[in-house]
Each structure stands twice: as structure tokens, then as C-alpha cells.
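Chemist: coords please:
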Amino acid sequence: MKRLLRAIIRLVLILTGFLFIFNLPLLLGIGKDSVEVNFNMFWENVKADFQYLLQIKDAMYLSFFKELDISGSYKYTMTILLGSLAVIILVAMVMAILILIAPKKVRNRLKSGVNLFEAVPDLLIIFLFQFFVITLYKSTGLKFLQLYGFMDVKPYFVPIVTVSFLPLFLLLQFLIRVIIEEQNQPYVLYVKAKGMGRLRTLLVHIIRNIFPLLVLQLRTIIWVLLSNIYLVEFMFNINGFNRQFGNVIFRGGDFASLIASLLMLSIPLLVIEAAGWLISKQIKGKEVIGL
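Modeler: Numbering: from 1, shown residues only. Got it, this is the predicted structure:
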């Protein structure tokens with residue numbers, strides 16, 4: 001009941017934030033010689049937009065939204081998002097464990113490499129994938145990867161790998177840092193004194209205890225993924241949800257359609273946070289994480 005109430009409050013705050021942010025430009029007006037603050041116009045437009053959102057029974061409600069290919073495009077974008085997230089978590093965990101159990105000299109070099117790759121721009125990765133696939137096709141005639149989206153064809157492998165690159169190293173860098181910090185905790189020193197190996201200590205104790213921090217870090221990872229997916233869909237000519245969202249913005253979509261699109265982009269964050277909380281509760285046996 002408590003978490004349901006918190007979810008409702010969060011939803012109300014999200015909607016309130018949308019209303020205020022979208023009408024914020026109306027708060028400031030340019031006068032003859034100065035900038036004029038107009039609270040009345042700002043407040044009237046906020047109330048008008050709020051009343052429009054309540055007109056659910058209106059036949060024209062979400063009319064523009066219903067004309068778009070929302071179902072197919074949203075399913076595709078969420079598939080890319082969830083697939084990338086699964087790849088990132090799995091690969092980052094494995095790489096973090098391998099790096100931390102490696103000899104000290106090797107570990108330091110690998111950590112430097114992680115810091116280097118984490119700074120690589122997203123657009124550079126996209127261009128490199130395009131260059132690699134096109135060059136391979138021109139040189140060998142081999143076309144084993146679908147690069148661009150045409151008609152109903154939608155690539156999966158290349159977008160997932162492309163959007164996962166930067167968030168993977170971002171999460172890996174975070175995991176290495178928190179695991180190293182966790183290794184200095186008294187319970188880790190205690191299990192080491194009892195003769196437990198480094199790998200078993202990582203898998204049995206440390207990973208379980210840093211899981212709440214991992215869930216919190218996923219917020220940042222998801223937003224980075226969403227921004228990367230937007231770039232990939234644009235660069236690879238893919239008819240994903242971001243293109244439909246662009247249609248709402250640039251082709252005169254109504255305010256309710258805009259809010260609906262933004263809420264749909266927020267759903268993955270809320271769902272993954274809730275799933276992370278449930279998993280954390282099962283691991284710890286009690287609620288130990290506040291999302």
C-alpha cells in the first residue's frame with residue numbers, strides 16, 4: 001500500500017512537471033525595453049492544459065496519437081532497450097569480476113582501458129559500425145548484418161550492440177568502483193580471514209550487497225540508452241517509437257498525445273525500478289532499497 005501511494009505521488013509529480021515545463025516559456029515575455037514576467041498567462045495555460053488532459057471522453061482525445069504506428073514502433077524500441085539492458089548488465093558483471101580477480105598489473109591496465117573506452121563518443125561508435133559493415137560488404141560481398149531499416153524490415157543486432165557500447169563501460173566503471181569500495185568492508189575481511197577465495201567472495205557476498213546500488217545506477221543507464229536509441233533510429237533510418245514521438249512534436253500533435261508519448265518513455269524506468277526493488281527484497285529478505 002505504501003509503495004502504491006508512492007507510485008501515485010510520483011505519477012502526479014511527473015504530470016505536474018510536464019505541465020509546468022511545457023508552459024515555462026509563457027512565463028517570460030519580451031517587453032519594449034525589458035523582460036516581463038507574466039504569471040497570469042502562465043497559470044491560465046497550465047490550467048487549460050490540465051483541463052484538456054481530463055477530457056478523456058472527448059471523441060478527439062488523443063486523435064493524433066491514434067493515427068500513428070504506436071504499437072509496432074513502441075514494441076521495437078522497447079525490444080532494443082530491454083535487449084541492450086540485458087547485454088549491458090550481463091557483460092558488465094562478467095567483465096568486472098574478471099578484471100577484479102586478475103593480477104594487480106593486469107587489473108590496472110584493464111581499468112585504464114575501461115576509462116578510455118568510456119570516453120568514446122556515441123556517434124563515433126555508430127559511424128564505425130556503419131563503416132565496418134559497408135566496407136565488409138564492398139570488399140567481400142558478404143552481408144551478414146542488417147544495418148538500415150526499410151519498409152517493415154527492422155534490424156536488431158547492430159542497434160543493440162551500438163547503443164550498448166557506452167552504457168556498458170559506464171556501468172563497468174561503476175561496478176569496479178563500488179566493488180573495490182565494498183572489498184574494504186569488515187565482513188569481506190572476515191570471510192577472507194576464514195579462507196574464502198576471492199571469486200567466491202565476489203559472487204556470494206559482494207555482488208549481493210551492491211545490488212541495490214546497481215539498481216539505482218540503472219536509472220542513468222536507461223536514460224543513456226534512450227538517448228542512444230534515438231540516435232540509432234535516426235542514423236539507421238528505423239521506424240521506431242522515437243520517430244513517432246518526433247511526429248507528435250513536429251507535426252502538430254495535441255498536448256495529450258505529447259504527454260502520452262513521454263509517459264510511455266518513462267514506463268521502462270518505473271518498471272525496472274519496481275523489478276529491482278522486488279529482487280532486492282528477495283535477496284536481502286527485507287526492504288533495503290528506496291527507489
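
Chemist: average pLDDT for stretch 39-54?
Modeler: Per-residue pLDDT values over stretch 39-54 give a mean of 82.

Chemist: oh, I was asking about stretch 92-111
Modeler: Averaged across stretch 92-111, pLDDT comes to 85.

Chemist: buried set for it?
Modeler: Residues A92, M93, M95, A96, I97, I99, L100, R107, L110, K111 are the ones in stretch 92-111 that count as buried (16 or more other C-beta atoms under 10 Å). For the C-beta atoms, the positions are set from N, CA and C on the backbone; glycine is no exception.

Chemist: of all these, which comes closest to L175?
Modeler: Distance ranking of those against L175, using C-beta to C-beta, places A96 first at 4.1 Å.

Chemist: what packs against the helix or strand where that closest one lies?
Modeler: Following DSSP states H and E, one finds A96 within helix 70-101. In terms of contacts (3 or more C-beta pairs under 8 Å, 6 or more residues apart in numbering; DSSP states H and E), helix 70-101 is packed against helix 104-118, helix 157-182, helix 198-201, helix 207-235, helix 241-250, helix 255-284.

Chemist: again, only using 7 Å
Modeler: In terms of contacts (3 or more C-beta pairs under 7 Å, 6 or more residues apart in numbering; DSSP states H and E), helix 70-101 is packed against helix 104-118, helix 157-182, helix 207-235, helix 241-250, helix 255-284.

Chemist: could I get those as CSV with distance to A7?
Modeler: Formatted as CSV, these follow (distance: least, C-beta to C-beta, whole Å):
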stretch, distance to A7
helix 104-118, 33
helix 157-182, 26
helix 207-235, 15
helix 241-250, 23
helix 255-284, 7
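
Chemist: out of those, the one nearest I134 is which?
Modeler: Smallest distance to I134 across those (C-beta to C-beta): 11.6 Å, for helix 157-182.

Chemist: report the angle between the axes of the closest one and helix 207-235?
Modeler: Counting by axes from the mean of the first three to the mean of the last three C-alpha atoms, to 10 degrees, helix 157-182 lies at 150 degrees to helix 207-235.

Chemist: buried ones in helix 157-182?
Modeler: So for helix 157-182, counting by 16+ other C-beta under 10 Å, buried means 158-176, 178-179, 182.

Chemist: next SSE after that helix?
Modeler: Next along the chain after helix 157-182, taking DSSP H and E as the criterion, comes helix 186-193.

Chemist: quick one: L82 and I267, what's the gap?
Modeler: The gap separating L82 from I267 is 12 Å, by C-beta to C-beta, to the nearest Å.

Chemist: quick one: which of these two has more around it?
Modeler: L82 (15 against 11; other C-beta atoms under 10 Å).

Chemist: ok, and the closest non-adjacent residue to that one?
Modeler: Excluding its sequence neighbours, the residue lying closest to L82 (C-beta to C-beta, 6 or more residues apart in numbering) is P268, at 7.6 Å.

Chemist: you'd agree F117 is up against P167?
Modeler: No. If you go by C-beta atoms under 7 Å, F117 and P167 don't touch, sitting 11.6 Å apart.

Chemist: these two touch, right, P268 and I80?
Modeler: No. Counting by C-beta under 7 Å, P268 stays clear of I80, with 11.0 Å between them.

Chemist: which one of these two is surrounded by more residues?
Modeler: Neighbour count, other C-beta under 10 Å: between P268 and I80, I80 has more, with 27 against 18.

Chemist: what residue lies at the spatial centre of this protein?
Modeler: The centre of the chain sits closest to I222, judged by C-alpha atoms, centre = their mean, with a distance of 1.4 Å.

Chemist: neighbours around the residue nearest to that residue when sequence neighbours are not counted, how many?
Modeler: Distances taken as C-beta to C-beta, 6+ apart place L269 nearest to I222, at 5.3 Å, with adjacent residues excluded. By the criterion of other C-beta under 10 Å, L269 has 15 neighbours.

Chemist: also I14?
Modeler: For I14, using other C-beta under 10 Å, the count is 15.
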